[in-house]
Structure formats: structure tokens, C-alpha cells
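Colleague: Here's my sequence, what's the structure:
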Amino acid sequence: KVAEFKCNKITPTTFARYGAMLGKWFYNAKLCWGCQGPGADFGKTMVEDCQYGHVYFRLEEGKVIKKRTKKYGYPETGEYRETLFSTYYDALDSNKIINRSREAVEELRQFIFSPDGTVQHCQAIQRDQDPENAGKLHGAVVVAAAMSNILLRETRQTTPKPVNQQPLNPRTAVFKKHSP
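Modeller: Residues are numbered from 1 along each chain as shown. Predicted coordinates for the structure are as follows:
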């Protein structure tokens, strides 16, 4: 995670265009977003209109050997949501990642296990009872951080480690060529 931005006044299509530009600026960074609701428009704009293709494609859940699908974006429901939060909590607990955003940590404390056993933001549960919660963002910063953890986890699993990589010797031609 290199930045944080949230606004419930920007359209998903405009935000996707900004996202595609930032992804390119960060050396074609791999991007991931929630694909439900406004995320569907975001994804369509990102992949089809902006033609930004370095994005998360879902894995088939519930199978031993998981294959990559042709569907982009991360579903925030069912087994996917459970995986999203469990891997994020595990990574935080084991110090594999550190979330330095004070706001994100405070927001994380607002997630609870609902009576049906799912992980929910407390305001999302109360949304129907309190009209003041309508239109507010409910856990968006935490969900985004958890999605970045999914990308990081996949990168760690697929990136080969260098074999017998020796530290560069300052006496080699590479250093001599560029030294004063």
C-alpha cells in the first residue's frame, strides 16, 4: 500500500480512470478492487475503456487446485470475504504486513462478527436502522488494505527467488565504469 484515497462523491468510472493512470505511474502496478455494486462499473472502465490489464483475476474458490478465472475484481461475499479477512488478520498478526494508516487501524476495530458468523462493519449492520449511515463509506479503507494483502500474498507465492545471487563487488567493471 503506497497511498490512501477515499471519497463517496466521485463516480466509479472517473475513479477507474485515475486508478489506471496511477497504476501506470507506479510501473504498471497490479490493481485489485471489489467487483460488486459500483465495482462492476469501475472494473469495466479500468479493463475495457482504459485498457489497463494488470489487474487481479479471481481464483476459483472451494477447489483444491485453484484456477484463475477470466473475471476481474475481488468478490466481497461468501468464501471470498472469509478468505479476504482471514488472510489479512493473519498477516497483521504475524507481522508479515504492517498497516501504518491510523485511520485504517481505527476502522479495522469497527469490524465485528455478525450473528450469522460473517465479518461485517458495525455501521453496515446498523445501516437499515439509522438513516444517518446512508451514503457513508463502511470499511472501504480496511477492505482495500486486505485486497492489497491478497495481491502481496499471490506475488510471494509466484515470484521465484534468485538462486545463488552474490552481492556485487565494487571492484567489478560495472562499478568501475560508473565511478568518478
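Colleague: Could you pull up phi and psi at the closest residue to Val105 other than its chain neighbours?
Modeller: Once flanking residues are discounted, Val105 sits nearest to Asn99: 5.9 Å by CB to CB, 6 or more residues apart in numbering. The C-beta positions use only the backbone N, C-alpha and C, and glycine is treated the same way. Here is the backbone geometry of Asn99 (degrees, to the nearest 10): phi -90, psi 110.
Colleague: Quick one: name whatever helix or strand follows the helix or strand containing Gly23.
Modeller: When elements are assigned from DSSP states H and E, Gly23 belongs to helix 12-25. Downstream of helix 12-25, the next assigned helix or strand under DSSP H and E is helix 38-44.
Colleague: if I pick Gln88, what's in contact with it?
Modeller: In this structure residue 88 is Tyr, not Gln. When the contact criterion is CB atoms under 8 Å, 6 or more residues apart in numbering, the partners of Tyr88 are 142, 145-146, 149.
Colleague: By residue count, what's the longest strand in the protein?
Modeller: When the chain is parsed with DSSP state E, its longest strand is strand 68-72.
Colleague: pLDDT (mean, whole number) over that strand?
Modeller: Averaged over strand 68-72, pLDDT sits at 90.
Colleague: Now do the buried residues in the helix or strand that that strand is followed by.
Modeller: Per DSSP H and E, the first helix or strand lying C-terminal to strand 68-72 is helix 78-93. Buried positions in helix 78-93, judged by neighbour count with 16 or more other CB atoms under 10 Å: 80-81, 83-85, 87-88, 91-92.
Colleague: distance between helix 78-93 and the chain's centre?
Modeller: Relative to its chain's centre, helix 78-93 lies at 12 Å (CA atoms, centre = their mean, to the nearest Å).
Colleague: Please apply the same query to stretch 69-78.
Modeller: So, by CA atoms, centre = their mean, the centroid of stretch 69-78 is 12 Å from its chain's centroid.
Colleague: Give me the distance between the two termini of it.
Modeller: Taking CA to CA, to the nearest Å, stretch 69-78 runs 17 Å from one end to the other.
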